[in-house]
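In: pasted the sequence and its predicted model underneath.
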Amino acid sequence: MTLQIHTVKQLLNLYYGGLASTDDERRLVEFFTTETDIPCELQDDRDVVLSLARLGEVRIPDGMADELSALAERLDRQERISRRGHRWVAATSVAASIAIIVSVIVFIARSSSTDPYEITDPQLAETEAHKALLLVSEALDNADGSIIEAGRALSLFVPYDSISNNTIHTEDDETI
Amino acid sequence: MMKLSKSARTLCLIAICAFTATCVTAQNKYMKRVSDLPGVQYMYIDGATLPAGGVPGLDMSDDNTISSVEIINCDDNSQSERVLELLDPLINELPLMTKAKEMHVSVDLHGEKQHGRIKRMLLLVTTKNDAMQVIYITGDIDAETLKAIHDADIPK
Amino acid sequence: MDLSSFKRLVLAHYRSMYRVAYAILRDSDDSQDAVQDAVTRLWEKRHELTDISDHEAFCITAVKRRCIDMLRQRQRTMEEMPTSLEHLEDGTDTAQAIESRDTLARVNELMDALPEQQREVLRLRSWGGCSVQEIAEITGLSCDNARKVLSRARQKLKELYNRKK
C-alpha cells in the first residue's frame, strides 16, 4: 500500500472536516486511484472522493492548445514591434534634444558675435541706405522711361492703339 | 508605421523650429560669400538700424519696410568675374527688370515684384574699368514710392 | 524568458487552467476567455516566472484571479450543475478507477440534492482546486464559514450516498 490505512483515515478526517489541504486531497485521490485493494469501510469514501474529483475533469475544447500558442506568438510579435518603435522614439527624442541644445548654442554664439561689416550707427546706416536706394530708384525710373520711348518708337510703324496686350495688329488685321 | 508619442512629437517640432531659426539669417548667403573675397568692400545694414521714420524719400511708417541693405564695392577688376560667378545663383533667382548700358556704365536691375510691391532687388553696376557695385535690398516697398525717391532728389 | 520557454512552462498547463476556470465560471466560452486573459497576463510577467519552482500552481493562481475578477464584473448567476456527464473527459485515471458510470451518476445526482451553497463550495474545491480563502472570496462567505460549508457538504454527500446504496 502506498499509504498506510491509518494515514488515509487521518486524511479522510481532515477531508470531511474541510481542513485537508489541496495536497492532502491530491494524495487521497492518488491513493484511491492506484490502490486496488481498498478495505470495505473505505469504499464509500473512495466513491465520493473520486467522483468529486472526476466530475471536475471537464472536456477541454478542441483547438485550445493551438489558439493559446497563436496568442503567445502574437504577443511576442507585438512586443518586438513595440520595442522597435520605442527604440525609434528614444533615438528621435535624443536627436531632437541634441538639435535643440546645438541650436541654442549656435543662436547664442551668433547673437553675441558682432559682424564687422554691419553698420550699427543709425546716421551712417541712413546715409548709405539712402545712397543705395537712390541708385535703385534711378534704375527703375530709367526703365520706365525706356518703356515709354520704345512705345513711341513702335507707334511710328503701327497705330498706337493697335499695340495692346503685347501683340501688334497690322492694317490687314494680322497679328504679330 | 511607428507612432511617436505626443511628447516625442512636441520635442521634434521644437527641434525643427530651433534649428530653422539658427539657419535663417538676414544676410544673403551669396552676398556673404562675395564679401569674403579679397579686395571687396562689404556693408550690411539691418532694417532695424534705420531711423523709424525711414530714409529721405521713403517713409517707412507708410507701410514700406526695409529688412536689409547689402552693398558690395569691388575696385579690383581681377575679382569682378569671380563676383559675378558667386552671385550667379542670386541673379538667376530674380527676374531681370531692366538692363541699361551707356558709354562707361552698365546697369542691371533684377527684382522680385508682387502686386506693385518690391520684395527684393539686386542692382549690378559695372563701370568701364570693371569696377563693380552690387546693391541687394530686401523688404516690402511700393514700386512707385521707390521710383519717386529719385525724382525727389532731382533739384527742381 | 523567450517564446519557446513560455510555451513549455506556461502553455503546457492550459488543461488544468481551463478546468479550474470552468469550475468557477461554469461556462465554456468564459472559461476559455479567462484562460486567454491569464496567459496574456503571464506573458507580461514572464520574467518573474524564471524564479518560480511550481509553474502549474502559478498559472492556476493566475487563472483563478482572472475568474474572480470576471465573476465580480458579471452578474453571478447560479447555474445548475449539468446533470448529464457528457462534459466530462474520458480516459483519465479516475475515470478508470471508478468502476461504473452509475457511481458517478449517483454522486452527481446526490450533489443536486445538496443546498445550492454547499454545491457551489464543493464544486469550487473539488473541480477548481480553490483554497478556502479563494472560496470565501468567490462566494462572499467568511473563511471560517466557507470551511464549515465545505465540511457539511462532503459529510452530507457521503451520508446520502450511503443511504442510497
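Out: All right, it came through fine.
In: how many other residues sit next to the residue of chain C found nearest chain B?
Out: Nearest to chain B, among the residues of chain C, is C:Glu44, at 19.9 Å (CB to the nearest CB). C-beta: built from backbone N, CA, C; applies to glycine. C:Glu44 is surrounded by 10 other residues when neighbours are defined as other CB atoms under 10 Å in any protein chain shown.
In: A:Ala109 now?
Out: Residues contacting A:Ala109 under the criterion other CB under 10 Å number 10.
In: give me the helices and strands touching the strand or helix carrying it, please.
Out: Per DSSP states H and E: A:Ala109 is located in helix A:64-112. Applying 3 or more CB pairs under 8 Å, 6 or more residues apart in numbering or on different chains; DSSP states H and E, one finds that helix A:64-112 contacts helix B:6-23, helix C:3-9, helix C:14-25, helix C:28-44.
In: of those helices, which is nearest chain A?
Out: helix B:6-23 (3.7 Å).
In: next SSE after that closest one?
Out: helix B:29-35.
In: mind listing what's buried in that next one?
Out: B:Tyr30, B:Met31, B:Lys32, B:Arg33, B:Val34, B:Ser35 (16 or more other CB atoms under 10 Å in any protein chain shown).
In: so the first one sits against B:Val83, correct?
Out: Okay, so that is B:Tyr30. No: in this structure B:Tyr30 lies outside contact range of B:Val83 using CB atoms under 8 Å: 10.1 Å.
In: can you name the residue of chain C nearest chain A?
Out: C:Trp127 (3.0 Å).
In: quick one: contacts for that residue?
Out: C:Trp127 is in contact with A:Leu52, A:Leu55, A:Gly56, A:Val58, C:Arg19, C:Val20, C:Tyr22, C:Ala23, counting by CB atoms under 8 Å, 6 or more residues apart in numbering or on different chains.
In: near the second one, how many other residues are there?
Out: Translated: A:Leu55. 23.
In: how near is it to chain C?
Out: According to CB to the nearest CB, to the nearest Å, A:Leu55 stands 6 Å off from chain C.
In: hang on, that residue packs against C:Leu104?
Out: Yes: if you go by CB under 8 Å, A:Leu55 and C:Leu104 touch, sitting 7.2 Å apart.
In: how far does stretch B:79-96 sit from its chain's centre?
Out: 12 Å (CA atoms, centre = their mean, to the nearest Å).
In: quick one: average pLDDT of it?
Out: What stretch B:79-96 shows for mean pLDDT is 89.
In: do it and chain A come into contact?
Out: No: using CB under 8 Å from any CB of the partner chain, stretch B:79-96 never reaches chain A; the gap is at least 10.2 Å.
In: residues of that stretch that come out buried?
Out: Neighbour-count burial for stretch B:79-96 flags B:Gln79, B:Ser80, B:Arg82, B:Val83, B:Leu84, B:Leu86, B:Leu87, B:Leu90, B:Leu94 (criterion: 16+ other CB under 10 Å).
In: same thing with stretch B:39-55?
Out: Buried, per 16+ other CB under 10 Å, within stretch B:39-55: B:Val40, B:Tyr42, B:Met43, B:Tyr44, B:Ile45, B:Asp46, B:Gly47, B:Thr49, B:Leu50, B:Gly54, B:Val55.
In: identify the bridge partners of the third one.
Out: If I follow you right, that is B:Met43. B:Ile71 (DSSP bridges).
In: same check, this time on the last one
Out: Counting by DSSP bridges, B:Val55 is bridged to B:Leu58.
In: quick one: the strands in the chain?
Out: No chain was given, so I picked chain A. A:163-164, A:167-168 (DSSP state E).
In: that answer is for a different chain, and I need it for chain B
Out: Under DSSP E, chain B gives strands at B:40-46, B:54-55, B:58-59, B:65-74, B:96-101, B:105-114, B:117-127, B:132-142.
In: helices and strands of chain B: which one bottoms out on pLDDT?
Out: Lowest mean confidence among the helices and strands of chain B (mean pLDDT, DSSP states H and E): helix B:6-23, at a mean of 71.
In: can I get the helices and strands packed on helix A:64-112 in a markdown table with distance to A:Leu68?
Out: A markdown table is the format used below for the helices and strands packed on helix A:64-112 (distance: least, CB to CB, whole Å):
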| stretch | distance to A:Leu68 |
| --- | --- |
| helix B:6-23 | 35 |
| helix C:3-9 | 9 |
| helix C:14-25 | 5 |
| helix C:28-44 | 6 |
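In: out of those, nearest to A:Ala65?
Out: Smallest distance to A:Ala65 across these (CB to CB): 6.3 Å, for helix C:14-25.
In: quick check: angle from the closest one to helix A:64-112?
Out: Orientation check (axes from the mean of the first three to the mean of the last three CA atoms, to 10 degrees): helix C:14-25 against helix A:64-112 gives 90 degrees.
In: so what angle separates the directions of helix C:14-25 and helix C:28-44?
Out: Interaxial angle of helix C:14-25 relative to helix C:28-44 (the same axes, to 10 degrees): 130 degrees.
In: pull the residues that contact helix C:14-25.
Out: For helix C:14-25, contacts defined as CB under 8 Å, 6+ apart pick out A:56-58, A:60-61, A:64-65, A:68, C:28, C:30-32, C:34-35, C:38-39, C:56, C:59-60, C:62-64, C:66-68, C:70-71, C:123-124, C:126-130, C:138.
In: just the buried members of these?
Out: Buried residues within the contacts of helix C:14-25, counting neighbours by 16+ other CB under 10 Å: A:56-58, A:60, A:64, A:68, C:28, C:30-32, C:34-35, C:38-39, C:59-60, C:62-64, C:66-68, C:70-71, C:123-124, C:126-130, C:138.
In: and the residue nearest the centre of chain A?
Out: By CA atoms, centre = their mean, the mean C-alpha position of chain A lies nearest to A:Gly85, the distance being 6.3 Å.
In: how much space separates it from A:Glu79?
Out: 10 Å (CB to CB, to the nearest Å).
In: residues near the closest residue to A:Glu73 other than its chain neighbours, how many?
Out: Spatial nearest neighbour of A:Glu73, chain neighbours left out: C:Leu3 (6.7 Å); criterion: CB to CB, 6 or more residues apart in numbering or on different chains. Number of residues near C:Leu3 (other CB under 10 Å) recorded here: 16.
In: what sits against C:Leu3?
Out: When contacts are counted by CB under 8 Å, 6+ apart, C:Leu3 touches A:Ala72, A:Glu73, A:Asp76.
In: of the residues you listed, closest to chain C?
Out: Distances from chain C to the contacts of C:Leu3, taken by CB to the nearest CB, are shortest for A:Asp76, at 4.7 Å.
In: excluding its backbone neighbours, what's nearest A:Leu19?
Out: With CB to CB, 6+ apart as the criterion, A:Leu19 has its nearest non-adjacent residue at 7.0 Å, and that residue is C:Arg147.
In: wait, a helix at that neighbour?
Out: Yes: looking at C:Arg147 with DSSP: H, G, I helix; E, B strand; the rest coil, it is inside a helix.
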